[in-house]
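S.K.: Make a model of this:
(2 chains)
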Amino acid sequence: MAWEQELEPVRPVKLVLERVSKSFRSKRGATPALAEVDLTVEEGEVVCLIGPSGCGKSTLLALIAGLEFPDTGRVLVDGVPVTSPGRDRGVMFQEHALFPWLDVLGNVLFGLRLKPGLDSAARREVAKYYLHMVGLLEFAHAHVHELSGGMKQRVALARSLAPNPRVLLMDEPFASLDALTREQLYADLQRIQQTRRRTVVFVTHDVREAVCLGDRVVVLSPNPGRVRQLFEIDLPRPRDPLSLEVARQANDVMAALRSFLEPARSATP
Amino acid sequence: MRRALLPLAVLAGALLAWQLLGALGLWPGWVFPTPLQIATYLGAAIGDGSIPTAVLVTGRRLLVGYFLGVAVGLPLGFLTARAHLAARTLGVLALGMQALPSVCWVPLALLWFGQTEAAMLCVVVLGTVWSILLATEHGIRNVPPLYLRAARTFGSSGWHALVHVTLPAALPAIVAGMKQGWAFAWRSLMAAEIYVTILTGFGLGHLLHYGRELHALDQVLGVMLVIVLFGLLADRLLFQPIERLLRRRWGLTV
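M.R.: Model prediction:
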């Protein structure tokens, strides 16, 4: 059937950020958010961006998404500069951002309806496939307000995956969830990532989360954001965020993060 | 069943007391009509067609004026939400006009249009349009930017984003404004009908006015009752289904 082609794994893309700088103008003048960031994310790699608040990690994601544009430098998706948001880059936000006027299925269909070359029956099949993947097929006709926080983020995940993007950009998507739900979603995400690899950029402030999910963890320093340190996480999958190996690696990352606080501490008498 | 019985009994008791008080003959009938007198008037006025005709005349004026007001107010509200200049001119004007009781438009409408249907329409439209405009502006301004950011990542922009994201997101606020606009339209039309005699059709307001001229308080009270029922019915038919939908979908109380 035609719609099944729609589910074929897509070739993941390579992301390159070249000396990207970005500042935000406000009444008090320009606030630099990112300064000369160089970063390469390989095809199919999961990169977690971590750093204290104000390090511009969400801005970095918005630049890749094409929701913001750099002042200087370039963001390249497979060598092509980003000029606008696009279906090849799915985004998941910290707040689920689901539309309350649509039911669960309608939300997952939103992106599919904008994708050319699919008839409505095919779109429904694709949407159902992803709802099944996140375990919420039986809630297809539920309203958004009837779902728990974890279920809402699952729908948001299905909605981002449905147009079959080649990159998944995730901006602290699990930050507001309880520990148990979060753990389930780590397992879901790793399972989905194992069956079909996508390039993923995952922003977080949780060190264990970063080590659990990332093939690489990128530590950013604040004011303005710069890439400070890279950690290769070479642990077998699926990973358990509470395992000893994850904890050990998380300690190293944490030490790097703490080092940003030291100068500030010693400056206060 | 039991729960309906007690309030009904209280109501029946109150009507009986009213009837008995009237029967004592302390006041003349044009000052203190009894429920039976009012019922008699209503029966006769429904029988001779004067009340059904008045309901139709008033209902038509209200519906035409109201939907015209909505049709003008929605796009203008959209304009003030999106265009800076419109917000600082039209938006400010709307805030001012909102503070003006809509009956104040009646003298102007009469001078412009004379004693015609157009004058009635003018009053209803001007009573409706400002609430709709302000509610639409408020609703669209308060659409969470996150919805539009999320929509853009799926390739939604321009007209698609307006129709599929901005308008549905603003719908609860717009419906609240439409409900307020309806109340204003209804009040302004009654004021206009009481104030202005128009030969092209006697509305409920006119019946009220002539009840006063004829010292027929049974007619006045009877027509008032019809006006109340009309308002309740309109709320039930027009707004309750939409509000129920909003509650079910959005999970909020409007």
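
S.K.: how many neighbours does residue B:88 have?
M.R.: 11 (other Cβ atoms under 10 Å in any protein chain shown). Placement of C-beta: from N, CA and C, glycine included.

S.K.: Repeat that for residue A:254.
M.R.: If we define neighbours as other Cβ under 10 Å, then residue A:254 has 16 of them.

S.K.: My guess is residue A:48 contacts residue A:220. True?
M.R.: No: in this structure residue A:48 lies outside contact range of residue A:220 using Cβ atoms under 8 Å: 10.8 Å.

S.K.: And what about the closest residue to residue A:78 other than its chain neighbours, helix, strand or coil?
M.R.: Once flanking residues are discounted, residue A:78 sits nearest to residue A:13: 4.6 Å by Cβ to Cβ, 6 or more residues apart in numbering or on different chains. For residue A:13, the assignment made with DSSP: H, G, I helix; E, B strand; the rest coil gives coil.

S.K.: Residue A:167 is in contact with residue A:13, correct?
M.R.: Yes: if you go by Cβ under 8 Å, residue A:13 and residue A:167 touch, sitting 5.7 Å apart.

S.K.: Quick check: chain neighbours aside, which residue is closest to the residue of the stretch 151-254 of chain B found nearest chain A?
M.R.: Closest residue of the stretch 151-254 of chain B to chain A, Cβ to the nearest Cβ: residue B:251 (2.9 Å). Among residues not flanking residue B:251 along the chain, residue A:145 sits closest, at 2.9 Å (Cβ to Cβ, 6+ apart).

S.K.: Need the residues touching each of residue A:13 and residue A:167.
M.R.: A:77, A:88, A:199 (Cβ atoms under 8 Å, 6 or more residues apart in numbering or on different chains).

S.K.: ok so, going back, quick one: residues contacting the residue nearest to residue A:78.
M.R.: A:43, A:77-78, A:88, A:166-167, A:199.

S.K.: Residue A:53 should be in a helix, yeah?
M.R.: No: under the criterion used here (three-state DSSP), residue A:53 is coil, not part of a helix.

S.K.: Against residue A:117, how distant is it?
M.R.: Per Cβ to Cβ, to the nearest Å, residue A:53 is found 42 Å from residue A:117.

S.K.: Contacts for stretch B:229-241 next, please.
M.R.: With contacts defined as Cβ under 8 Å, 6+ apart, stretch B:229-241 is touched by B:55, B:58-59, B:175, B:178-179, B:182, B:186, B:204.

S.K.: Please spell out which residues along it are buried.
M.R.: Within stretch B:229-241, the residues scored as buried using 16 or more other Cβ atoms under 10 Å in any protein chain shown are B:230, B:234, B:239.

S.K.: With stretch B:80-92 instead?
M.R.: For stretch B:80-92, by 16+ other Cβ under 10 Å, it's B:80-81, B:86-87, B:90-91.

S.K.: For residue A:95, which non-adjacent residue is closest in space?
M.R.: Nearest non-adjacent residue to residue A:95 (Cβ to Cβ, 6+ apart): residue B:146, at 6.0 Å.

S.K.: Show me the shared contacts of residue A:13 and residue A:167 that map onto strands.
M.R.: A:77, A:199 (DSSP state E).

S.K.: will you turn the shared contacts of residue A:13 and residue A:167 into JSON lines that also has pLDDT, distance to residue A:154 and neighbour count?
M.R.: Formatted as JSON lines, the shared contacts of residue A:13 and residue A:167 follow (pLDDT from 0 to 100; distance: Cβ to Cβ, whole Å; neighbours: other Cβ atoms under 10 Å in any protein chain shown):
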{"residue": "A:77", "pLDDT": "94", "distance to residue A:154": "26", "neighbour count": "20"}
{"residue": "A:88", "pLDDT": "90", "distance to residue A:154": "22", "neighbour count": "18"}
{"residue": "A:199", "pLDDT": "94", "distance to residue A:154": "21", "neighbour count": "25"}
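
S.K.: Quick check: end-to-end length of stretch A:48-66?
M.R.: Length of stretch A:48-66, first residue to last, Cα to Cα, to the nearest Å: 19 Å.
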